[in-house]
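Colleague: no sequence for this one, just the structure:
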């Protein structure tokens, strides 16, 4: 798979309320996952940019739905991370409503890249989100991040554990992609799936 040439990638806007969403004229890819799972780093790695999407070691850095225009043809949408314990309850509730409304009703949403830390077991939030996404018929690409933190021999066990924890709504073990922003492992494979969902490069 040849990775698409990224000729342009620019930040468009940050959405904090449903009525702020841009027109859905272009196909969109949403990046979903727990706080500090590596969404921003993954997007930067996919696009070959170091600082397009702000990264931070502080959980909860992304507070809105951040839209990026890619090659003038697609939107990448960096969603707020969930599960950040220090965020005020009313803020977390607002994030949850905004995220779910977007994921369930957005007509131009071509795919959801669902990130899971490869070292961690899925929790109740992951189970809930997988069930909702599947019930809406969304195309979901499951990605296990921080692949460089695991030895090769550990990966098979982790794949089976994560897949088992997500049944019956989650993907099978063979559907997951391993990804590392540090080594760029998985970049080409993820692009191949994205291009398929987006209807071509």
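Modeller: Noted; the coordinates are in hand. Only a predicted model underlies this, so the values are computations on that prediction, with no experimental measurement involved.
Colleague: please count neighbours and contacts with C-alpha atoms only from this point.
Modeller: Will do.
Colleague: what's the helix or strand for residue 113?
Modeller: strand 109-117 (DSSP states H and E).
Colleague: that strand pairs with which strands?
Modeller: Note on strand 109-117: by DSSP bridges, its sheet partners are strand 28-33 (parallel), strand 140-145 (parallel).
Colleague: just how off-centre is the first one within its chain?
Modeller: So that's strand 28-33. Centroid separation between strand 28-33 and its chain, computed with C-alpha atoms, centre = their mean, to the nearest Å, is 4 Å.
Colleague: what do you get for the last one?
Modeller: Here the centre of strand 140-145 is set off from its chain's centre by 7 Å, with C-alpha atoms, centre = their mean.
Colleague: the bottom helix or strand of the protein by mean pLDDT?
Modeller: Using mean pLDDT, DSSP states H and E, helix 89-105 stands out as the lowest-scoring helix or strand of the chain, at a mean of 78.
Colleague: the residue positioned nearest the centre of the chain and residue 80, how far apart?
Modeller: Nearest residue to the geometric centre of the chain (C-alpha atoms, centre = their mean): residue 31, 2.2 Å. Distance, residue 31 to residue 80, using C-alpha to C-alpha, to the nearest Å: 9 Å.
Colleague: just the helices in this protein please.
Modeller: Counting by DSSP state H, the chain has these helices, from start to end: 39-47, 89-105, 124-135, 152-166, 187-198.
Colleague: what does stretch 19-35 contact?
Modeller: 15, 39, 59-60, 73-84, 106-116, 198 (C-alpha atoms under 8 Å, 6 or more residues apart in numbering).
Colleague: buried sites along that stretch?
Modeller: Neighbour-count burial for stretch 19-35, counted by 16 or more other C-alpha atoms under 10 Å, picks out 26-35.
Colleague: just send the residues you listed back as a markdown table, with pLDDT and distance to residue 186 too.
Modeller: Formatted as a markdown table, the buried residues of stretch 19-35 follow (pLDDT from 0 to 100; distance: C-alpha to C-alpha, whole Å):
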| residue | pLDDT | distance to residue 186 |
| --- | --- | --- |
| 26 | 96 | 25 |
| 27 | 97 | 22 |
| 28 | 98 | 20 |
| 29 | 98 | 17 |
| 30 | 98 | 18 |
| 31 | 98 | 15 |
| 32 | 96 | 17 |
| 33 | 95 | 17 |
| 34 | 92 | 19 |
| 35 | 87 | 21 |
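Colleague: returning to what we had before: need the contact list for the residue nearest to the residue nearest to the centre of the chain when sequence neighbours are not counted.
Modeller: Of all residues not flanking residue 31 in the chain, residue 113 sits nearest, at 4.8 Å (C-alpha to C-alpha, 6 or more residues apart in numbering). Shown in contact with residue 113 (C-alpha under 8 Å, 6+ apart): 29-32, 140-143.
Colleague: can you list the low-confidence ranges for this structure?
Modeller: 1, 54-63, 84-94, 201 (pLDDT under 70).
Colleague: might one say that residue 9 is in contact with residue 74?
Modeller: No: with contact defined as C-alpha atoms under 8 Å, residue 9 does not reach residue 74; the gap is 9.6 Å.
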